[in-house]
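Engineer: let's see this in three dimensions:
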Amino acid sequence: MRKLLIFLVAVFTVSGVSFAQDAGTPNRSLGIYLDTCSGHLTEDIAGNKRTFEGAEFDFGMTYAQNFATVPWLTMSLKFNVVMLPYGTVDPVDGWQGSQGIQIGDGNSYGMPKAQVGLNFGGYSFIGLDTRGILVNENYYSVNLGNAGSLTFMTALEIFAAPVYRGAGWEAAGYDSKHKVLDLFALRMDYGISFAKSWKYATKISFRWNNDATAKAFGESFNIRWENNVSVNVTDKFYMWTQLRYEIKNIASDSLAIDNRLFLQAGLGYTFDVSGI
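Structural biologist: Numbers count the residues shown, from 1 in each chain. Below you'll find the model as predicted:
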């Protein structure tokens, strides 16, 4: 991971130097944020309580800049650390608190990540992170005037270097001996502003995340529904809260449907560093 991080930073630095010769002053911003997730608020498929299991804190910083001669192109660099209690499993990314870096008294573990990316006019994003995951997101928005806006989105996350599943998977005769797909998703967002500086957004996404076999891909289908309220306290300081509902194992032949509910919240501050 260290070598990949060095490579990402080098790519970002070299690209920044090459674009620095653009005439004029590009827009640059530096943001810091803190997000939190309650963990599970529902029972598992066996009826066992898992209240607050997977609770996590995510804090990080982002840097973004466009270029005077190509204002539609934005380069970004993100670094964040997700913290989990020891032994619990991240309900989003699936990593376990004990696989990361020990923090404090050893009861918490952190997973540091970095990502470098390019945003093309708000229509497409390509990024690569230190987990070796290549991300592509595409957006199309429809402005509904006073009635808000609709945004349609596709997301694809794949391992740039396929991950070997292990001898056990190979012996079991799976179609793919290597894991390539991390996520494929289709999402639709509806957002509308209300009151002063407040916004409500509802997001529904259809997700797949298992490419072991064609059947496994189909059975990994799940639905995520999020309802988000955010407020811009100032032009630089914002806060948000969100209720996330997930329904898993919808297409599974052997597993019961798993209803998952999470409460999330966050805040952040953005600095304008264009003049630096």
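
Engineer: use CA for all of it now, contacts and neighbours both
Structural biologist: Fine.

Engineer: so which residues of this protein form strands?
Structural biologist: 28-37, 56-67, 70-85, 101-103, 108-120, 124-129, 133-143, 149-164, 178-194, 198-208, 222-232, 237-248, 258-272 (DSSP state E).

Engineer: in a markdown table: the ones you listed, plus distance to residue 44.
Structural biologist: As requested, the strands of the chain are exported to a markdown table (distance: least, CA to CA, whole Å):
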| stretch | distance to residue 44 |
| --- | --- |
| strand 28-37 | 18 |
| strand 56-67 | 18 |
| strand 70-85 | 19 |
| strand 101-103 | 28 |
| strand 108-120 | 23 |
| strand 124-129 | 31 |
| strand 133-143 | 29 |
| strand 149-164 | 27 |
| strand 178-194 | 23 |
| strand 198-208 | 20 |
| strand 222-232 | 15 |
| strand 237-248 | 11 |
| strand 258-272 | 7 |
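
Engineer: hey, least reliable of those by pLDDT?
Structural biologist: Lowest mean pLDDT of these: strand 101-103, a mean of 68.

Engineer: circling back to that earlier point, in CSV: the strands of the chain, plus mean neighbour count.
Structural biologist: As requested, these are exported to CSV (neighbours: other CA atoms under 10 Å):
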stretch, mean neighbour count
strand 28-37, 18
strand 56-67, 20
strand 70-85, 19
strand 101-103, 16
strand 108-120, 20
strand 124-129, 19
strand 133-143, 17
strand 149-164, 17
strand 178-194, 18
strand 198-208, 18
strand 222-232, 18
strand 237-248, 17
strand 258-272, 18
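
Engineer: and residue 49, which of those is closest to it?
Structural biologist: Nearest of the strands of the chain to residue 49, taken as CA to CA: strand 258-272 at 11.8 Å.

Engineer: helices or strands up against that closest one?
Structural biologist: strand 28-37, strand 237-248 (3 or more CA pairs under 8 Å, 6 or more residues apart in numbering; DSSP states H and E).

Engineer: follow-up on the earlier one: so which of the strands of the chain is nearest residue 45?
Structural biologist: Counting by CA to CA, residue 45 lies closest to strand 258-272 out of the strands of the chain; the figure is 5.5 Å.

Engineer: the closest one: how far from the chain's middle?
Structural biologist: 11 Å (CA atoms, centre = their mean, to the nearest Å).

Engineer: and the angle for it with strand 222-232?
Structural biologist: Using axes from the mean of the first three to the mean of the last three CA atoms, to 10 degrees, one finds that strand 258-272 and strand 222-232 are set 30 degrees apart in direction.

Engineer: hang on, the earlier thing: adding distance to residue 63, write the helices and strands packed on strand 258-272 out as TSV.
Structural biologist: Listed next are those as TSV, based on distance: least, CA to CA, whole Å:
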stretch	distance to residue 63
strand 28-37	5
strand 237-248	16
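
Engineer: out of those, which comes closest to residue 153?
Structural biologist: strand 237-248 (17.8 Å).

Engineer: give the pairing partners of that closest one; include direction for each.
Structural biologist: strand 222-232 (antiparallel), strand 258-272 (antiparallel) (DSSP bridges).

Engineer: dump those strands to CSV, plus distance to residue 40.
Structural biologist: Listed next are the strands paired with strand 237-248 as CSV, based on distance: least, CA to CA, whole Å:
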stretch, distance to residue 40
strand 222-232, 14
strand 258-272, 6
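
Engineer: select, out of these, the one closest to residue 187.
Structural biologist: The nearest among these, by CA to CA, is strand 222-232 at 9.0 Å.

Engineer: tell me what the residue lying closest to residue 30 once chain neighbours are set aside is bridged to.
Structural biologist: Spatial nearest neighbour of residue 30, chain neighbours left out: residue 63 (4.6 Å); criterion: CA to CA, 6 or more residues apart in numbering. Beta-bridge pairing for residue 63 (DSSP bridges): residue 30, residue 77.

Engineer: what residues does residue 63 make contact with?
Structural biologist: For residue 63, the contact set (CA atoms under 8 Å, 6 or more residues apart in numbering) comprises 28, 29, 30, 31, 76, 77, 78.

Engineer: in this structure the fifth one contacts residue 64, no?
Structural biologist: When you say that, I think you mean residue 76. Yes - Residue 76 is within contact range of residue 64, at 4.2 Å (criterion: CA atoms under 8 Å).
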